[in-house]
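> starting from these lines, generate the structure:
(4 chains)
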Amino acid sequence: MIRALVQRAAIDVTAELDLHDAGGHGASASFIGRVRGEGDLAELFLDHHPVMTEAGLADLAHAAADRWRLSALTLIHRVGAMVPGDTIVLVLASSPHRAEALAACEYLIDRLKTDVMLWKRETFADGRVQWVEQREGDHSRAGRWDQA
Amino acid sequence: MIRALVQRAAIDVTAELDLHDAGGHGASASFIGRVRGEGDLAELFLDHHPVMTEAGLADLAHAAADRWRLSALTLIHRVGAMVPGDTIVLVLASSPHRAEALAACEYLIDRLKTDVMLWKRETFADGRVQWVEQREGDHSRAGRWDQA
Amino acid sequence: MALHIAYFAWVRERMGVAEEVVEIPASITHVGALIAWLAARDAQGALAFTEPQRIRAAVDGVMMGPDAPLSGAREVALFPPVTGG
Amino acid sequence: MALHIAYFAWVRERMGVAEEVVEIPASITHVGALIAWLAARDAQGALAFTEPQRIRAAVDGVMMGPDAPLSGAREVALFPPVTGG
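Numbers count the residues shown, from 1 in each chain, chains lettered A, B, ... in the order given. A predicted model of the protein is given here:
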């Protein structure tokens, strides 16, 4: 099972976990990313390309499934308007082997942070609005995987 | 919040996730280990020391909290009789920083596999019973952390 | 030539539209020329494409450089560098 | 000396009890001697402690080697190497 979704709706982590739980997999590693409320952030808006963003997510999921022995993989990215505390991304990798589930999960979140076609706009409590620039740190972290 | 529990009751992953979700943490990394049904396993029984096992789990949790910046940490190990598919262990690490949540989660599951005072007994469909011997692979994996 | 153009992020905000179908002159044969043409077309274009080196493009869903030809293209997407998830 | 002894895993199964309070002779002063004494005491002890090198011990909750003294100890736990979680 490979699920790669880009959605405006809230991510139902429990429902996704239940899908993996029902599969009888030995190990499930997950990563949940939430909108942080730093610097009086009032809203985070994620713009996306309706075709390319989901295709990019699916490509990432298949790259992980080729690289590790995974019995199930879920990759969900929320887009649109969110507030601090909202779950913005869920990675859930199941495998008979814990090391492979963990490695796939880490790979996917690192890649998601750099490769996925999304644009972030922050709106602050004082009304200030800014589009987020690319961060160098994320690129160097994701770059580790190219050498592995 | 540090929770380190050894319990006979089923692990309620959703309830534990909700505790982390409510905390406003930027990132939560989790690992769920389930009983595998390989080789016609009918029951897995985990024996534990009522004091030392929980103390060992708490020590591990505090070692992780000392090493990484974690805003919340949950470590629950089930003991007693389980059947294939049951959740046997949950690690849930939250942090403002995804790399720290992921590293703590991986460290803890590696350590749990070797250091925690538990003894596993397998009962198979044909009635055969065996106590599990220590596995070398887990020790070499956990050993990585000593050098880091 | 009629071309479907989609804008994202601050390019969309500065253009004031998410997408449009434009009739482009035959002399506009590649992505870089399209961006320069849009920058010269009106105030919105001038604002969105004041720094063309900050603009990324995808032609029919594939990332392309400024030299990419427009012949046969159905959709061109123009946007800033992605900021990731 | 009265000593509380707890057994775990296959040591417990072979001993037939999870714990017991035993009166040990004054000559039994350290963990290794206790294990040998239990092995010699009865058939259950012989079965459980036939390979003393496979036995681990904790004295009052602290892992100890066979040379660890018993003086002052309240509880000795005897068990196989742990198999982890």
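
> is any part of stretch A:9-19 close to chain B?
Yes - judged by CB under 8 Å from any CB of the partner chain, stretch A:9-19 comes into contact with chain B through A:13-14, A:17. All C-beta spots, glycine's among them, are computed from the backbone N, C-alpha and C.

> out of those residues, which sit inside helices?
The helices, defined by DSSP state H, take in A:13-14, A:17 from the residues of stretch A:9-19 next to chain B.

> for the residues you listed, give me CSV that also has neighbour count.
As requested, these are exported to CSV (neighbours: other CB atoms under 10 Å in any protein chain shown):
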residue, neighbour count
A:Val13, 22
A:Thr14, 14
A:Leu17, 21
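
> same for chain D: which of those residues are within range?
Among these, chain D is touched by none when using CB under 8 Å from any CB.

> quick one on the thing from earlier: let's have the residues of stretch A:9-19 next to chain B in TSV, adding distance to B:Ala72 and pLDDT.
Formatted as TSV, the residues of stretch A:9-19 next to chain B follow (distance: CB to CB, whole Å; pLDDT from 0 to 100):
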residue	distance to B:Ala72	pLDDT
A:Val13	15	95
A:Thr14	18	94
A:Leu17	18	93
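
> list just the nearest of those to chain D.
Proximity of those to chain D (CB to the nearest CB) peaks at A:Leu17, which lies at 20.1 Å.

> separation between that closest one and A:Pro84?
Taking CB to CB, to the nearest Å as the measure, A:Leu17 falls 23 Å from A:Pro84.

> ok, C:Arg41 next?
Using CB to CB, one gets 39 Å for the distance from C:Arg41 to A:Pro84.

> which one's more surrounded, the two?
Neighbours were counted for C:Arg41 and for A:Pro84 using other CB atoms under 10 Å in any protein chain shown; A:Pro84 has more, 16 against 13.

> residue contacts, that one?
Neighbouring residues of A:Pro84 by CB atoms under 8 Å, 6 or more residues apart in numbering or on different chains: A:34-37, A:41, A:44, B:24.

> ok, A:Ser28 next?
Contacts for A:Ser28 were tallied using CB under 8 Å, 6+ apart; they are A:17, A:20-21, A:72, A:92-94, A:101, B:30-32, B:34.

> rerun at 7 Å
Going by CB atoms under 7 Å, 6 or more residues apart in numbering or on different chains, A:Ser28 touches A:20, A:92-94, A:101, B:32.

> what segments of the chain are strands?
Just going to use chain A. Ranges of strands in chain A, per DSSP state E, are A:2-7, A:27-34, A:41-48, A:72-78, A:80-82, A:87-95, A:118-124, A:129-131.

> wrong chain, I was asking about chain C
Under DSSP E, chain C gives strands at C:2-7, C:19-23, C:56-59, C:62-64, C:75-79.

> turn those into CSV, columns for distance to D:Ile35.
Below are the strands of chain C laid out as CSV (distance: least, CB to CB, whole Å):
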stretch, distance to D:Ile35
strand C:2-7, 77
strand C:19-23, 80
strand C:56-59, 72
strand C:62-64, 70
strand C:75-79, 73
